[in-house]
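A.B. asks: Please work out how this folds:
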Amino acid sequence: MRDILFRGKRIDNGEWVEGSLLITEILGGTDYEILKRNRGTWQTSYRVDPITIGQFTGLTDKNGIRVWEGDIMALNVSRKFVVCYDKGIFYMNGTSIPIRHCDSLTVVGNIHDNPELMEGE
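C.D. replies: Sure, this is the predicted structure:
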């Protein structure tokens, strides 16, 4: 069985964290936290910006880099796609092509840290 992982940018310092997603409904709003595992146990949680939350696809690119929802992937120098998720499928934005075979693509950034990579796409 595979782990279902999420990542998000911490509110306090902007660093990326990976782990389980915890959504807490509280009076007046919702808190989003990533619980991080330390030596096999869930120990630390970090509040994250909900806009930055993305799920791990379970796949890696041609360089062995993990592929996450919100990542920008390049097919070649001129063609880039954002990894999206809808109705149980990870796919490349602007297409109906599922991301099953990432071994020919390269993660070049993500939409939160590198939005300029998608300019003109």
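A.B. asks: hang on, Gly14 is in a helix, isn't it?
C.D. replies: No. Applying DSSP: H, G, I helix; E, B strand; the rest coil, one finds Gly14 to be coil, outside a helix.
A.B. asks: could you dump the helix or strand bottoming out on mean pLDDT in the chain to PDB, C-alpha only?
C.D. replies: The helix or strand of the chain with the poorest confidence is strand 41-47; it has a mean of 82 (mean pLDDT, DSSP states H and E). What follows is strand 41-47, C-alpha atoms only, in PDB (Å, rounded to 0.1, in the frame of the first residue of the first chain):
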ATOM      1  CA  THR A  41       5.600   8.500  14.400                       C
ATOM      2  CA  TRP A  42       3.600  11.500  13.600                       C
ATOM      3  CA  GLN A  43       5.100  14.200  15.700                       C
ATOM      4  CA  THR A  44       5.100  17.700  14.300                       C
ATOM      5  CA  SER A  45       2.400  19.600  12.500                       C
ATOM      6  CA  TYR A  46       2.900  22.900  10.500                       C
ATOM      7  CA  ARG A  47       0.200  25.300   9.500                       C
END
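A.B. asks: going forward, begin numbering at 43 instead of 1
C.D. replies: Renumbered: residue one is now 43, and that last one reads strand 83-89.
A.B. asks: Please report how far the residue nearest to Gly96 when sequence neighbours are not counted lies from Thr94.
C.D. replies: With sequence-adjacent residues excluded and distances taken as Cβ to Cβ, 6 or more residues apart in numbering, Gly96 is closest to Glu111, at 3.5 Å. For the C-beta atoms, the positions are set from N, CA and C on the backbone; glycine is no exception. For Glu111, the distance to Thr94 equals 10 Å [Cβ to Cβ, to the nearest Å].
A.B. asks: Nice, that's everything, thank you.
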